[in-house]
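>>> dropping the sequence and predicted coords here.
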Amino acid sequence: MTELSKKGLRGEVSVLRLYLLRGGYLLIVVGLGMTVWPDAINRSGSWELMEGVVQCMLLAFWALCVLGLRYPLQLLPMLIWEMAWKTVWLIIVALPIWTSGRMNDSTMDTVSACLLVVVFPFVVPWRYVFANYVKKHGDRWV
């Protein structure tokens, strides 16, 4: 491993930032653990198609966030994906519903859950993300 790659992997990210990242993963693990796992374990009958897709994706996301507790930098794309989809959903779906006055309790519950995304920009080590996902040369194609 070259000196530059060692610095890019660990040198730029402080121990405090690693603990903040782990705190972000822990927030997801506990939150989803309290909401998704009881539904998965106690459900009676079968889920409708899209509900089943969503629940299975959330369970897989939960499992990857458990890994993020141990490997916070390697699982950073999971947090970035979480921030991206929630931000897009809030802008493209929730905002038009809210501005048209059609907000109901179900939509508001989802909005509340998605607004937790405001925590993650503060725990993500953005210099590391820029150095390793934007500035760094990509893998070869052939």
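Looks like it came in fine.
>>> could you pull out the helices for this protein?
For the chain, applying DSSP state H gives helices covering 3-6, 15-42, 49-70, 76-89, 95-99, 105-114, 120-123, 126-129.
>>> looking at those helices, which is closest to residue 135?
Among these, helix 126-129 comes nearest to residue 135, with 9.8 Å by Cβ to Cβ. For every residue, glycine as well, the C-beta is placed using N, CA and C.
>>> what's the closest one packed up against?
Using 3 or more Cβ pairs under 8 Å, 6 or more residues apart in numbering; DSSP states H and E as the contact criterion, the elements in contact with helix 126-129 are helix 76-89.
>>> one more time with 7 Å
If you count contacts as 3 or more Cβ pairs under 7 Å, 6 or more residues apart in numbering; DSSP states H and E, helix 126-129 packs onto no helix or strand.
>>> OK, contacts around residue 48?
By Cβ atoms under 7 Å, 6 or more residues apart in numbering, the contact list for residue 48 is empty.
>>> from now on call the first residue 8
Done: numbering now begins at 8, and the last item shifts to residue 55.
>>> and it, how far from residue 95?
24 Å (Cβ to Cβ, to the nearest Å).
>>> repeat that for residue 83.
From residue 83 to residue 95 the distance is 18 Å (Cβ to Cβ).
>>> what about those two, which has more around it?
residue 83 (20 against 11; other Cβ atoms under 10 Å).
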